[in-house]
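Peer 1: With the input below, show me the fold.
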Amino acid sequence: MKSQIEYYSCFNIDPKIIELAGKAEEEVKSSFYKIDKIKEQNQLKVIRAMQLEKLSDTHFSGTTGYGYNDRGREVLDAVYAHAFEAEDAIVRHNITCGSHALALCLYGILRPGDELLSITGKPYDTLDEVIGIRGEEGSGSLKEYGVTYKQVELTQDGVIDDQAVTEAINERTKLIFIQRSRGYAWRPALTVSEIKRVVQLVKSVKKDVLVMVDNCYGEFVEEREPTAVGVDIIAGSLIKNPGGGLVPSGGYIAGRKDLVEKISYRMTIPGLGREVGATLGHNRLMFQGFFMAPHVVAESLKGAVFASQVMKSLGFETCPGPFEPRCDIIQSIKFNKEDAVIAFCQGIQKGSPVDSFVRPEPWDMPGYDSPVIMAAGAFIQGSSIELSADAPIRPPYVAYMQGGLVYEHIKLGVMCAVQELADKKIINL
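Peer 2: Model (predicted):
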């Protein structure tokens with residue numbers, strides 16, 4: 001039987017990298033312990049939510065056609081609402097991605113004459129054309145429907161600029177948009193405590209203003225979700241954290257009951273809303289994925305901490321650092337050179353169980369304003385809770401690594417990435 005070192009040699013990993021990885025693991029044990037404590041809290045929360053709704057295997061059956069009276073679908077919505085401490089939720093396999101879920105919220109809540117105010121700078125690239133700050137006329141953007149848009153940049157330290165936010169709120173401001181995760185920006189993700197503080201701030205300026213959080217990559221990273229601290233609506237993707245790596249497609253929306261109802265009319269049509277939509281046998285995986293999510297998120301966080309420690313020891317700047325608080329599953333690594341960021345992503349691909357033989361290259365992806373390289377050897381296409389790494393090919397050449405269903409795979413992927421950097425003479429071991 002092969003030893004662990006012999007197995008690593010099958011991946012052409014230099015013994016010096018194996019030694020480096022072992023040292024990094026020892027150094028971050030305290031961070032691993034903190035992650036496990038949060039995992040336990042969230043796992044209990046999810047189990048309790050399922051018990052409160054009396055989840056049964058009868059709820060795993062699917063419906064067809066119109067999908068009327070789908071009890072499993074109703075229970076799934078209620079489980080999400082309980083776990084996220086929200087009044088209501090809708091969870092559907094046919095919400096195609098996180099950006100789709102966010103767009104449903106924006107189109108469902110905003111009306112002509114309203115203003116959308118983003119207070120964490122520009123939202124993720126794929127919302128540009130939804131808002132109308134990029135793209136062709138006639139596409140049906142919010143701008144074309146008479147919804148105006150403003151944004152407030154973060155401070156140089158990457159935090160919300162309170163003064164600028166309060167000055168930007170006016171009589172037309174209907175919805176405050178907050179991106180919890182870092183997206184393609186070199187900044188820390190927002191803590192739930194910071195989101196709570198900001199909610200209180202904006203509502204002190206305008207009592208009836210609504211607050212929406214892009215919750216992608218943030219679910220189960222902390223012990224609470226934004227809806228537990230006064231946020232009116234959140235949305236995310238099921239092929240990210242809450243799907244637990246099992247759900248093949250979908251998204252969720254959670255928050256105030258009246259807002260969820262309005263959004264459901266945009267999801268289908270006014271009058272029908274959430275009452276239609278066949279589940280086609282997807283319920284079981286969505287329940288089981290949600291059950292697995294706290295554990296899988298913890299695995300991905302441990303892998304991110306490990307990556308941060310390894311890359312920092314090699315002289316690269318990382319955000320967050322290995323001992324800093326984590327509010328999303330993303331690990332940013334600054335390379336400052338195009339060939340280095342490409343090599344890192346190609347190394348991650350080499351450590352994948354799927355498509356390990358594929359060599360990713362930068363390309364002009366739809367929805368992005370610069371070429372992007374994406375390493376993703378995933379069982380589900382585009383699954384960001386499985387190990388992946390992507391980077392826009394623009395200075396300062398930052399790779400964004402996220403996900404990983406099991407820690408051991410992330411560890412291998414990072415070691416393969418370091419090996420790729422060494423093979424290309426970008427680093428010296």
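Peer 1: show me where the stretch 151-300 of the chain has strands.
Peer 2: Here the stretch 151-300 of the chain has its strands, by DSSP state E, counting those that start in this stretch, at 173-179, 210-214, 233-237, 251-255.
Peer 1: I'd like to know which of those strands lies nearest to Tyr7.
Peer 2: Closest of the strands of the stretch 151-300 of the chain to Tyr7 is strand 233-237, at 33.3 Å (criterion: CB to CB). Every C-beta, even on glycine, is put in place using the N, C-alpha and C of the backbone.
Peer 1: and the closest one, how far from the chain's centre?
Peer 2: Strand 233-237 has its average C-alpha position 10 Å from the chain's average C-alpha position, going by CA atoms, centre = their mean, to the nearest Å.
Peer 1: and stretch 203-217, which residues are buried?
Peer 2: 203, 209-217 (16 or more other CB atoms under 10 Å).
Peer 1: picking up where we left off before, minimum distance to Val75: which of the strands of the stretch 151-300 of the chain has it?
Peer 2: Per CB to CB, nearest to Val75 of the strands of the stretch 151-300 of the chain: strand 251-255, 13.9 Å.
Peer 1: Dump the strands of the stretch 151-300 of the chain into JSON lines; add mean pLDDT as well.
Peer 2: Below are the strands of the stretch 151-300 of the chain laid out as JSON lines (pLDDT from 0 to 100):
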{"stretch": "strand 173-179", "mean pLDDT": "98"}
{"stretch": "strand 210-214", "mean pLDDT": "98"}
{"stretch": "strand 233-237", "mean pLDDT": "98"}
{"stretch": "strand 251-255", "mean pLDDT": "98"}
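Peer 1: got any ranges where this structure has weak pLDDT?
Peer 2: 1-2, 367 (pLDDT under 70).
Peer 1: in it, which spans are helices?
Peer 2: Assigned by DSSP state H, the chain shows helices spanning 4-10, 15-27, 29-52, 71-83, 98-109, 128-131, 162-168, 192-205, 257-267, 283-313, 338-350, 407-423.
Peer 1: Quick one: closest of the ones you listed to Gln179.
Peer 2: helix 98-109 (9.4 Å).
Peer 1: quick one: contacts of the closest one?
Peer 2: 95, 116, 123-124, 126-127, 130-131, 142, 147, 174-175, 210, 212, 214, 216, 233, 235-237, 240, 251-253, 259, 262-267, 367 (CB atoms under 8 Å, 6 or more residues apart in numbering).
Peer 1: quick check, distance from that helix to the centre of its chain.
Peer 2: On the basis of CA atoms, centre = their mean, helix 98-109 sits 15 Å off its chain's mean C-alpha point.
Peer 1: That one versus strand 233-237: what angle between them?
Peer 2: Computed by axes from the mean of the first three to the mean of the last three CA atoms, to 10 degrees, the angle separating helix 98-109 from strand 233-237 equals 150 degrees.
Peer 1: Just the C-alphas of helix 98-109, formatted as PDB.
Peer 2: Taking C-alpha atoms only, helix 98-109 is exported to PDB below (Å, rounded to 0.1, in the frame of the first residue of the first chain):
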ATOM      1  CA  GLY A  98     -26.800  33.800  -7.800                       C
ATOM      2  CA  SER A  99     -27.000  36.800 -10.200                       C
ATOM      3  CA  HIS A 100     -30.400  35.600 -11.400                       C
ATOM      4  CA  ALA A 101     -31.600  35.500  -7.700                       C
ATOM      5  CA  LEU A 102     -30.300  39.000  -7.100                       C
ATOM      6  CA  ALA A 103     -31.900  40.300 -10.300                       C
ATOM      7  CA  LEU A 104     -35.300  38.800  -9.300                       C
ATOM      8  CA  CYS A 105     -35.100  40.800  -6.000                       C
ATOM      9  CA  LEU A 106     -34.200  44.000  -7.800                       C
ATOM     10  CA  TYR A 107     -36.900  43.700 -10.500                       C
ATOM     11  CA  GLY A 108     -39.400  42.500  -7.900                       C
ATOM     12  CA  ILE A 109     -38.900  45.400  -5.400                       C
END
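Peer 1: Hmm, Phe220 is touching Gly244, no?
Peer 2: No: between Phe220 and Gly244 there is no contact under CB atoms under 8 Å: 9.4 Å.
Peer 1: Quickly list what's touching both of the two.
Peer 2: Residues touching both Phe220 and Gly244 by CB under 8 Å, 6+ apart: Ala293.
Peer 1: can you redo the helices of the chain as a markdown table with distance to Arg180?
Peer 2: Converted to a markdown table, those look like this (distance: least, CB to CB, whole Å):
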| stretch | distance to Arg180 |
| --- | --- |
| helix 4-10 | 36 |
| helix 15-27 | 27 |
| helix 29-52 | 16 |
| helix 71-83 | 17 |
| helix 98-109 | 11 |
| helix 128-131 | 18 |
| helix 162-168 | 16 |
| helix 192-205 | 7 |
| helix 257-267 | 18 |
| helix 283-313 | 14 |
| helix 338-350 | 24 |
| helix 407-423 | 22 |
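Peer 1: To Glu225, which of these lies closest?
Peer 2: Here helix 192-205 is closest among those (CB to CB), at 7.1 Å.
Peer 1: What is the neighbour count of the closest residue to Glu25 other than its chain neighbours?
Peer 2: Spatial nearest neighbour of Glu25, excluding adjacent residues (CB to CB, 6 or more residues apart in numbering): Phe306 at 6.5 Å. As a burial measure, Phe306 scores 25 neighbours (other CB atoms under 10 Å).
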